[in-house]
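J.: okay, predicted coordinates and the sequence, questions at the end:
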Amino acid sequence: MVVSEALERARSATAARRWGEACELFAEARSHLADGLAPPDLELLATASYLRGQKESAFEALTTAHESYAAGDDTAGAARTAGWMALLLLEVDDLQQSMNWSARGLRLIERLGDGNRAGGQMAQVAAAIGAMIVGDIEDATRRFDAIADVAARSGDRELTALTALGRGRCLTSIGRTVEGLARLDQAMAAAEAGEVSPIAACWFYRVSLNDCHEAFDLERAQRWTAAFEKRCREQPDLVAYSGQCHAYRARLFLLRAEWAEASAAANLAEERLRAGDFTARYLAKYELADLHRLRGELRAADEHYRRAAETGWDPQPGLALLRLAEGEYGLAQLAIRRAVGAASLGGRGRLLPAVVEIELAAGDVAAARRAADGLIALNGSAPTPMLAATSSAADAHVLSAEGDAAAALDAVGRAISAWSALDVPYEIARCRVLRGRILGELAEADDAAAEFEAAREVLVALGARSALAELTAVTGAARTGILTSREAEVLRLVSTGLTNRAIAGRLSLSEKTVARHLSNIFGKLGLSSRSAATAYAYQHGLI
């Protein structure tokens, strides 16, 4: 194949978003060119490499393009590539190098006439995002306003969309959620219309999904996740951001109580991380950790939260809730309070449900009330159906702790209605446990038992061992009558210290059958370990 043909095919593959083919063809052409690829082709190669998850190759190609533009006195090209380098470095959490490249790009912009400034504004965008990352929202807003003026004069649609995204993120971070999400809608519309580059489109989904989850905006989360998944499906060679997409899918599956699907999506996210999606380092681990925690698989949850923390991001509120599940109330309280203190005003809301749960468990009803009131205030300023359900549930928990059973019963009823409208079975079940507790306090024992049984049915079906353990504690331990005779026999033998293999031999069963019985026992009794099963057997006279 002649070099010119390889280059044309590489450019066509890039335009068609066949990233793997583009990388191969550019590499082939490059190997036959004494002077290497021209700077515009190097920019295309950088895009293809980056989206294939080959970030070092992308940085090398973009750096070479920048140097070529600078050597040829193409200031606009040099400024543009410096800006893109700064932005890509932010995506791999290298803030210092990003700032260096951004400063270089800003110096180059100053040498451009007004008519050429739009192309170099990526350096200004990177500087604005860097200001957001360090918490200087005032400086970030000022920079985005300046970029918006350049975009308006030049008619640059991508720059206009990036400005909408940046302004929206600034607004949500300071608690102006409704305005911020409206700006993000504008950015997403531009991405859907094909007005931004492939890399920028992926950023838009990532930023927007993060913000709508923080705002409890389930409708936007579902819509944007579906659009993100469609975009990834249309680009089979896409590696970067594909893991994030699967992680956000896992989050929605968890909400809808489709835990098998959540597990599959979370594992796909981790697979994409291993395949090169460096953008999924945190989220893939965090979503897997949350799934393990809800299932009562506490050791696995701890391991994945630890790996998530290695990225530099604090895995909250999941890690604090894990400490709570382990009975470490003080550690849970310390972790969630630290996370709230470090969060932006806009990011604090997603932590408040965990604050309520942890503070109540630790006995600080006043702190739980402040958190519940914070959720109620959020629902007043930026209402969503999910926030209404969450705030009502939090209020009900605190009212019950405060001794106002009648008001708590009313609040939990509102929460159950709101969660039912959203079809979120796990949260409905947890609220039914609370309603059962409240009814018990009101001496309505039969109604309380009915609530507990309805909740147990859902939680057993899900395999939600942590929530089942809570229910078991509330009801005074599960009755042995809910076990089959075979399950009771397996539990008795487990309590003697026998392994699954030994139990299988004793009962003439396969190890797989014993493991299935043990899983059913754990689910029905709300247990999470063999030692807990042994303790239960002693308490209930099975040995």
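T.: Happy to help now that I have it.
J.: any idea how far residue 326 is from residue 531?
T.: Per C-beta to C-beta, to the nearest Å, residue 326 is found 13 Å from residue 531. Just so you know, the C-beta spots here come from the backbone N, C-alpha and C atoms, and that holds for glycine as well.
J.: higher neighbour count, these two?
T.: Taking neighbours as other C-beta atoms under 10 Å, residue 326 and residue 531 compare with residue 326 leading, 17 against 11.
J.: residue 320 sits in which helix or strand?
T.: helix 318-325 (DSSP states H and E).
J.: show residues contacting the helix or strand that that helix is followed by.
T.: Downstream of helix 318-325, the first helix or strand assigned by DSSP H and E is helix 329-342. Helix 329-342 is contacted from outside by 314, 316-317, 319-321, 323-324, 348, 351-352, 354-355, 358-359, 361-362, 364, using C-beta atoms under 8 Å, 6 or more residues apart in numbering.
J.: those residues, buried ones only, as a PyMOL selection?
T.: Written as a PyMOL command, the selection of buried residues from the contacts of helix 329-342, which uses 16 or more other C-beta atoms under 10 Å, is:
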select buried, resi 314+316+317+319+320+321+323+324+348+351+352+354+355+358+359+362+364
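J.: what residue ranges in the stretch 401-543 of the chain score low on pLDDT?
T.: Confidence mapping of the stretch 401-543 of the chain against pLDDT under 70 gives the ranges 473, 476-482, 484-485, 538-543.
J.: how about the helices in it?
T.: 405-422, 425-441, 445-462, 465-475, 485-495, 500-507, 511-525, 530-539 (DSSP state H, counting those that start in this stretch).
J.: ranking the ones you listed by burial, who's on top?
T.: helix 425-441 (a mean of 22; mean count of other C-beta atoms under 10 Å).
J.: only the C-alpha atoms, please, for it, written as CSV.
T.: Provided in CSV are the C-alpha atoms of helix 425-441 (Å, rounded to 0.1, in the frame of the first residue of the first chain):
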residue,chain,number,x,y,z
PRO,A,425,-37.8,-2.2,45.1
TYR,A,426,-34.7,-2.2,47.4
GLU,A,427,-35.5,1.3,48.8
ILE,A,428,-39.2,0.3,49.1
ALA,A,429,-38.2,-2.8,51.1
ARG,A,430,-36.0,-0.7,53.4
CYS,A,431,-38.8,1.8,54.0
ARG,A,432,-41.2,-1.1,54.7
VAL,A,433,-38.8,-2.3,57.4
LEU,A,434,-38.9,1.2,58.9
ARG,A,435,-42.7,1.3,58.7
GLY,A,436,-42.8,-2.1,60.5
ARG,A,437,-40.7,-0.7,63.3
ILE,A,438,-42.9,2.3,63.6
LEU,A,439,-46.1,0.2,63.6
GLY,A,440,-44.5,-2.0,66.3
GLU,A,441,-44.0,1.1,68.4
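J.: which parts of the stretch 201-350 of the chain are helices?
T.: Here the stretch 201-350 of the chain has its helices, by DSSP H, counting those that start in this stretch, at 218-233, 242-255, 259-275, 281-294, 298-309, 318-325, 329-342.
J.: can you list those in TSV and add distance to residue 409 and mean pLDDT?
T.: Formatted as TSV, the helices of the stretch 201-350 of the chain follow (distance: least, C-beta to C-beta, whole Å; pLDDT from 0 to 100):
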stretch	distance to residue 409	mean pLDDT
helix 218-233	26	96
helix 242-255	25	96
helix 259-275	29	94
helix 281-294	26	94
helix 298-309	32	95
helix 318-325	25	94
helix 329-342	26	95
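J.: please name whichever of these is nearest to residue 395.
T.: Checking the helices of the stretch 201-350 of the chain against residue 395 by C-beta to C-beta gives helix 329-342 as the closest, at 18.3 Å.
J.: buried residues in that closest one?
T.: Applying 16+ other C-beta under 10 Å to helix 329-342 flags 329, 331, 332, 333, 335, 336, 337, 339, 340 as buried.
J.: skipping adjacent residues, who's closest to the residue positioned nearest the centre of the chain in space?
T.: When C-alpha atoms, centre = their mean is applied to the chain, the residue found nearest the centroid is residue 283 (5.1 Å). Nearest residue to residue 283, sequence neighbours excluded (C-beta to C-beta, 6 or more residues apart in numbering): residue 247, at 4.1 Å.
J.: what number of residues lie near that neighbour?
T.: Applying other C-beta under 10 Å, I find that residue 247 has 26 neighbouring residues.
J.: distance of it relative to residue 292?
T.: Counting by C-beta to C-beta, the gap from residue 247 to residue 292 is 14 Å.
J.: now do residue 497
T.: According to C-beta to C-beta, residue 497 and residue 292 sit 25 Å apart.
J.: ok, the two, which is more surrounded?
T.: The neighbour comparison of residue 497 against residue 292 (other C-beta under 10 Å) goes to residue 292, with 23 against 9.
J.: so that one touches residue 308, yeah?
T.: No. Between residue 292 and residue 308 there is no contact under C-beta atoms under 8 Å: 11.8 Å.
J.: pretty sure the residue nearest to the centre of the chain contacts residue 244?
T.: Yes. Counting by C-beta under 8 Å, residue 244 is a contact partner of residue 283 at 5.5 Å.
J.: overlap of the contact sets of these two?
T.: Common neighbours of residue 283 and residue 244 (criterion: C-beta under 8 Å, 6+ apart): residue 269.
J.: skipping adjacent residues, who's closest to residue 184 in space?
T.: Excluding the flanking residues, the one nearest residue 184 by C-beta to C-beta, 6+ apart is residue 168, at 4.0 Å.
J.: what's the neighbour count on the one you found?
T.: Residue 168 has 27 neighbouring residues, counting by other C-beta under 10 Å.
J.: now do it against residue 281, distance only.
T.: If you go by C-beta to C-beta, the gap between residue 168 and residue 281 works out to 24 Å.
J.: residue 509 now?
T.: 42 Å.
J.: between the two, which one's more packed in?
T.: Between residue 509 and residue 281, counting by other C-beta under 10 Å, residue 281 is the more crowded of the two (20 against 17).
J.: that one reaches residue 312, doesn't it?
T.: No. With contacts counted by C-beta under 8 Å, residue 281 stays clear of residue 312, the gap being 9.3 Å.
J.: who are the contact partners of residue 161?
T.: The contact partners of residue 161, taken as C-beta under 8 Å, 6+ apart, are 186, 187, 190, 191, 195, 196, 200, 204.
J.: right, I'll call it a day here.
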